[in-house]
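> Below are the sequence and a predicted model; questions follow.
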Amino acid sequence: MSGARLAVIGGGIAGMAMAWLARARRDVVLFEAELQLGGHADTQHVRLGAQEIAVDTGFIVLNDRNYPNLEAFFRELGVATHDTDMSFGVSIGGGELEYGGGSLAQLFAQRRNLVRPRFLRMLRDVMRFNREAPSLLHATGDESLGAWLDRNGYGRDFVEDHVLPMGAAIWSASVEGMRAFPARHFARFFHNHGLLTLNDRPQWRTVTGGSRRYVERVAATLGRRVRLSAPVRQVRRAEGGVIVVTDAGEETFDEVVFACHADQALAMLADPAPATREILGAVRFQPNRAVLHTDTALMPRRRAVWSSWNYLARDAADHGRAVSVTYWMNRLQGLRSERPLLVSLNPLVEPDPATVLRVRDYAHPQFDAAAMAAQERLGEIQGRDGLWFAGAWTGWGFHEDGIASAARVARAMGLPVSWQGADGAP
């Protein structure tokens, strides 16, 4: 089908990678609803005093073990990255309980933790979880994380002060919502990322100059194939092709790749097949608000606890709300600034308006048994009637999952993946 017309809907990592891979063998058009490409690769250029600084508010990090496609793509683009730190801190009750996982000094920065029964019970369960969770790697079924933790008698201190907050921070979910996460998938992710051990952890990296650097290189190559501010209103099947409707009118394509969220794809389809409706409708998305600011009231009270990621909660009542995490961007991106640069996801309290530099809205997939089952069924609808589906929601919800999904679709279409070998390995 060399020269066939291909529409790619969505200009995030999946859509950019898909258009990149198709550009030489398809007449490809990439539709993006926003003013710029990137999706969660979203760099803010802000002025702080005399400095102009590039700060990422969406995609921030990758690592040398779990992001093979993204690393290979960056090498192909000539995009530089540098080492970063992924320490995790917790502050509950306005500092009533605080600890960080980066070192023993951080762990016991709140000195009373040395003798606090609640904290020592939590640490015992951390070590126990690290020993027992690998048993889930060969499990089957859909037992939830919450049910597994309850069945195995893990204490409330470990569950509510550590493992669920960490999961909520990773997947931008609520603490309570993490209880529904399939236990075996949770254990698989923690195992793959070295989170069940104190050593043999992957080296995390961040894009030098911000993730916008790689987006700019993709955009420059795709050129006029990209249509910005062009939301797709409807996609419908027709004899001889697929019709894509935008505010500019209707166009016919041979195939369409939905490189957007599952719920967005479903909303665009004029007459989805029953299986398509079931699969796309099973994946939920949670809106999350990111605020770039300099207000340190949204960090742990003790400076010694400050980590790259900082989970904040007032009390157990916050477990049902969207997770509140503050990212310390100076540490994550190696930024120098006169005041700390912070990105708070769903801030517990609003930062001082005078400190707010930018506000961005995102949506993240929420993984439960229904979503995981939908992923396993995705092959049923791929390529049917010229419709394909890609996006981070098809995997763990991260940048690597987005680009890997585009590579899978490209291969299924018979397109070469430039950064992969014949065996599909980067």
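Cool, got the structure. Numbers count the residues shown, from 1 in each chain.
> going forward, measure contacts between C-alpha atoms and count neighbours the same way
Will do.
> Number of residues surrounding the closest residue to A371 other than its chain neighbours?
Of all residues not flanking A371 in the chain, V283 sits nearest, at 4.8 Å (C-alpha to C-alpha, 6 or more residues apart in numbering). By other C-alpha atoms under 10 Å, 23 other residues sit near V283.
> likewise L164?
23.
> Then F108?
Residues near F108, counting by other C-alpha under 10 Å: 18.
> what does M166 give?
M166, neighbours per other C-alpha under 10 Å, totals 23.
> Y311 and G379, how far apart?
37 Å (C-alpha to C-alpha, to the nearest Å).
> who has more neighbours, those two?
Ranked by neighbour count (other C-alpha under 10 Å), Y311 and G379 place Y311 first, with 28 against 12.
> Which elements pack onto the helix or strand harbouring that one?
Secondary structure assigned from DSSP states H and E places Y311 in strand 309-313. Judged by 3 or more C-alpha pairs under 8 Å, 6 or more residues apart in numbering; DSSP states H and E, strand 309-313 is in contact with strand 88-92, helix 164-171, strand 325-328.
> Which of these has the highest mean neighbour count?
Among these, ranked by average contacts under mean count of other C-alpha atoms under 10 Å, first place goes to strand 325-328 (a mean of 26).
> Mind giving me the packing neighbours of that strand?
Using 3+ C-alpha pairs under 8 Å, 6+ apart, strand 325-328 sits against strand 309-313, strand 342-345.
> Redo those as CSV? Include distance to N192 and mean pLDDT.
Converted to CSV, these look like this (distance: least, C-alpha to C-alpha, whole Å; pLDDT from 0 to 100):
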stretch, distance to N192, mean pLDDT
strand 309-313, 19, 95
strand 342-345, 25, 98
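> Could you single out the most deeply buried of those strands?
Of all those, as judged by average neighbours under mean count of other C-alpha under 10 Å, the leader is strand 342-345 with a mean of 28.
> after it comes which helix or strand?
Counting by DSSP H and E, what follows strand 342-345 is strand 358-366.
> wait, what's in contact with the nearest residue to R336 once chain neighbours are set aside?
Spatial nearest neighbour of R336, excluding adjacent residues (C-alpha to C-alpha, 6+ apart): N330 at 6.3 Å. Going by C-alpha atoms under 8 Å, 6 or more residues apart in numbering, N330 touches 336-337, 340-342.
> quick one: N330 is in a strand?
No - counting by DSSP: H, G, I helix; E, B strand; the rest coil, N330 is not found in a strand; it is helix.
> How much space separates it from H293?
For N330 relative to H293 (C-alpha to C-alpha), the value is 12 Å.
> Report the separation between the residue nearest to A371 and D263.
7 Å.
> ok, now L378?
Applying C-alpha to C-alpha to L378 and D263 gives a distance of 14 Å.
> before we move on, back to that, out of the helices and strands packed on strand 325-328, which gets nearest to V159?
strand 309-313 (14.0 Å; C-alpha to C-alpha).
> where exactly do the strands run in the stretch 51-200 of the chain?
With DSSP state E, counting those that start in this stretch, the ranges of strands along the stretch 51-200 of the chain come out as 51-56, 61-63, 81-83, 88-92, 97-100.
> what's the third one in contact with?
Spelled out, it's strand 81-83. Strand 81-83 is contacted from outside by 203-208, using C-alpha under 8 Å, 6+ apart.
> which of those residues are buried?
Applying 16 or more other C-alpha atoms under 10 Å to those, the neighbour count classes 203-208 as buried.
> among the residues you listed, which two are most distant?
Q203 and T208 (15.3 Å).
> domains in the protein, as residue ranges please.
5-40+211-284+369-412, 82-205+295-356 (automatic domain parsing).
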